[in-house]
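Visitor: Requesting a structural model of the entry that follows:
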Amino acid sequence: MTYHKRPYSDDTNDLETCNTYSPWAKYIDGTTGRRSDAAHCYIYNQAQNPNLQVWVGKRVTRVIFEDKRAVGIEFTNDPVSCPDADQSLTTVKASKLVVVSAGAFGSPAILERSGIGAEAVLKRCGIKPLVSLPGVGENYTDHDVVLVPYLAADEVVTMDPLWRGEESATKDALAQWTSNGKSLIASNGVDAKIKWRPDSDELKAMGSAFQPRWNEFFRDRPDKCVAIFSLIAGYIGPLFGTIPPRNYMMAAYFTLYPASAGSVHIKMDKNGKEALDFTTGFLDDPSDIVPINFAYKKMREIYRRMPSYRGELAEAHPKFPEGSAAACGEASGPVDLNAPDIIYTAEDDAAIEKYHRDCVQTTWHSLGTCAMKPRAEQGVVDARLNVYGVTNLKVADMSIVPKNVGTNTYSTALLIGEKAAMIIAEDLGIDIV
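Guide: Numbering: from 1, shown residues only. This is a model prediction of the structure:
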């Protein structure tokens, strides 16, 4: 007997597999229990390389140009991380190339401070335009995520004691990890997932609002999942520290290709200081809320059938009307596998939508604000990372990604870095083979 029947695989981390349950793989060595990260693999092992210098606590103010050729950068001490440091400006000259790699927020801001961007944005900030490039800061995209907490049985193992900082649990887990690389310290509590595409019955249940988006983007692309459903063994969220110290678990659902887009630009605040003018765009397109609303219902049914289920953390769920069949609360155990699904009324659906519009959040997968597209389509860089309209200037980070990606963007960022190194080496005549 099964519920939400889908196949299972030990590994679905390819570019095609969807609708298959699997473990959630991590950048953690299964033997040592240590995370593999970019700093150790690309920077710390270059300590003896005289060609690499890493200056921390600095903030790039702008790229310096001679005519339209990038010849260096101007920077200062970062006022956030180094508030007491001298804020005078320093310049560094570049004889061959300047590469901006400040992410989806930092890179467009640096370009705009350098006079590259939409003329209206530059004019508002009193910046002399160098190149009109209206795509700078546009096309902001992310993965929408909602985390919904449930109550878990006392006897199950969760991350809660560690996340609450309970001394005995932390001490024991750290001792085991130090000894053999095992224990909960070597996990983030996210161990299972499905890359979900709706079947015909689910599409029907989702209604007509999602159908155009399905037909236009998903239907003929079987490798594109609509969302990831995952289980998290513990609770950490806005109620952390205010709820009873017991076992929890969370349902997490991420939509991977939302149609909505936002923007990131610089602006001047009322005190004449620079700030970010950030519009997320989350859920602006009416199709984006539909799979999120459906995910709440489907994940709730899955959780209700799990042996560890002991009800919902009601204060962190939708506020259903009094007397609703969807009302949340503590339970003595799971429902039968064949129990009927909860029936939601129109008022219940409205409560779910309001909940999601209040609670949807970033997955910290921001991208797209210096998109690699044709200039006529609001592109900012070409296929070799060159910023349009100037020379000797490249951008290499997640801001160049023109469309969303169905993955954790850490993997994509590593790929961009590797490919950028090859492109830069080719441009400079360096043999790296």
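Visitor: which stretch of helix or strand covers the residue sitting nearest the centre point of the chain?
Guide: In the chain, the residue lying closest to the centroid (Cα atoms, centre = their mean) is His365, at 2.4 Å. Using DSSP states H and E, His365 maps to neither a helix nor a strand.
Visitor: pretty sure it contacts Ser411?
Guide: No. At 10.8 Å, His365 does not count as touching Ser411 under the criterion of Cβ atoms under 8 Å. For glycine as for every other residue, the C-beta is placed from the backbone atoms N, C-alpha and C.
Visitor: List the contacts of the residue nearest to the centre of the chain.
Guide: By Cβ atoms under 8 Å, 6 or more residues apart in numbering, the contact list for His365 reads 142-143, 398, 408-409.
Visitor: cutoff 6 Å now
Guide: Neighbouring residues of His365 by Cβ atoms under 6 Å, 6 or more residues apart in numbering: 142-143, 409.
Visitor: Neighbours of Asp348, how many?
Guide: Neighbour count for Asp348, taken as other Cβ atoms under 10 Å: 19.
Visitor: for this structure, what helix or strand is lowest in average pLDDT?
Guide: Scoring the helices and strands of the chain by mean pLDDT, DSSP states H and E places helix 38 at the bottom, with a mean of 91.
Visitor: following that helix, which helix or strand shows up next?
Guide: strand 58-66.
Visitor: Toward the C-terminus, what is the element adjacent to that next one?
Guide: Per DSSP H and E, the first helix or strand lying C-terminal to strand 58-66 is strand 69-77.
Visitor: so what does that following strand touch, helix or strand wise?
Guide: Helices and strands touching strand 69-77, by 3 or more Cβ pairs under 6 Å, 6 or more residues apart in numbering; DSSP states H and E, are strand 58-66, strand 90-93.
Visitor: Can you give the strand pairings for the last one, parallel or anti for each?
Guide: Sheet partners assigned to strand 90-93 using DSSP bridges are listed as strand 69-77 (antiparallel).
Visitor: Give the buried residues for the partner strand.
Guide: Applying a neighbour-count criterion of 16 or more other Cβ atoms under 10 Å, the buried positions in strand 69-77 are 70-73, 75-77.
Visitor: What lies in contact with that strand?
Guide: Against strand 69-77 from outside (Cβ under 6 Å, 6+ apart): 58-64, 85, 87, 89-94, 98, 391-393.
Visitor: if you set the cut-off to 8 Å instead, what comes out?
Guide: Contact with strand 69-77 is made by 57-65, 85-94, 97-98, 390-393, as judged by Cβ under 8 Å, 6+ apart.
Visitor: what does the model give the residue nearest to the centre of the chain for pLDDT?
Guide: pLDDT for His365: 97.
Visitor: and the gap between it and Gly103?
Guide: 11 Å (Cβ to Cβ, to the nearest Å).
Visitor: Can you check which residues contact both of those two?
Guide: Joint contacts of His365 and Gly103 (Cβ under 8 Å, 6+ apart) are Met398.
Visitor: packing partners for the longest helix seen in the chain?
Guide: The single longest helix within the chain, with elements called by DSSP state H, is helix 409-427. Contacts defined by 3 or more Cβ pairs under 8 Å, 6 or more residues apart in numbering; DSSP states H and E place helix 409-427 against helix 38, strand 393-395.
Visitor: Now that helix: average pLDDT?
Guide: 96.
Visitor: for stretch 323-342, same thing?
Guide: Stretch 323-342 carries an average pLDDT of 96.
Visitor: what's the answer for stretch 200-220, then?
Guide: Taken as a whole, stretch 200-220 carries a mean pLDDT of 96.
Visitor: And the helices in the stretch 51-200 of the chain?
Guide: Assigned by DSSP state H, counting those that start in this stretch, the stretch 51-200 of the chain shows helices spanning 103-113, 119-124, 160-163, 167-180, 200-206.
Visitor: What about Ile28, how many residues nearby?
Guide: Ile28, neighbours per other Cβ under 10 Å, totals 15.
Visitor: If you could redo that for Lys128, that was the one I meant.
Guide: By the criterion of other Cβ under 10 Å, Lys128 has 7 neighbours.
Visitor: Now name the helix or strand holding the closest residue to Glu330 other than its chain neighbours.
Guide: Nearest residue to Glu330, sequence neighbours excluded (Cβ to Cβ, 6 or more residues apart in numbering): Gly311, at 4.0 Å. Here Gly311 sits within strand 309-312, counting by DSSP H and E.
Visitor: Convert the next helix or strand after that strand to PDB, retaining C-alpha atoms only.
Guide: Later in the chain than strand 309-312, the nearest helix or strand by DSSP H and E is helix 346-359. Backbone C-alpha positions of helix 346-359 (Å, rounded to 0.1, in the frame of the first residue of the first chain) are rendered in PDB as follows:
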ATOM      1  CA  ALA A 346     -13.100  28.000  -0.700                       C
ATOM      2  CA  GLU A 347     -12.500  29.700   2.600                       C
ATOM      3  CA  ASP A 348      -9.800  27.200   3.500                       C
ATOM      4  CA  ASP A 349      -8.100  27.800   0.100                       C
ATOM      5  CA  ALA A 350      -8.100  31.500   0.800                       C
ATOM      6  CA  ALA A 351      -6.500  31.000   4.100                       C
ATOM      7  CA  ILE A 352      -3.800  28.800   2.500                       C
ATOM      8  CA  GLU A 353      -3.100  31.500  -0.200                       C
ATOM      9  CA  LYS A 354      -2.900  34.300   2.400                       C
ATOM     10  CA  TYR A 355      -0.500  32.100   4.500                       C
ATOM     11  CA  HIS A 356       1.800  31.600   1.500                       C
ATOM     12  CA  ARG A 357       1.800  35.200   0.500                       C
ATOM     13  CA  ASP A 358       2.800  36.100   4.100                       C
ATOM     14  CA  CYS A 359       5.300  33.300   4.600                       C
END
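Visitor: Name the residues of helix 346-359 that are buried.
Guide: Buried, per 16+ other Cβ under 10 Å, within helix 346-359: 348, 351-353, 355-356, 359.
Visitor: with these in mind, which one is nearest to Ser168?
Guide: The nearest member of these to Ser168, counting by Cβ to Cβ, is Cys359 at 33.0 Å.
Visitor: Just the terminal-to-terminal distance for stretch 152-164.
Guide: Length of stretch 152-164, first residue to last, Cα to Cα, to the nearest Å: 16 Å.
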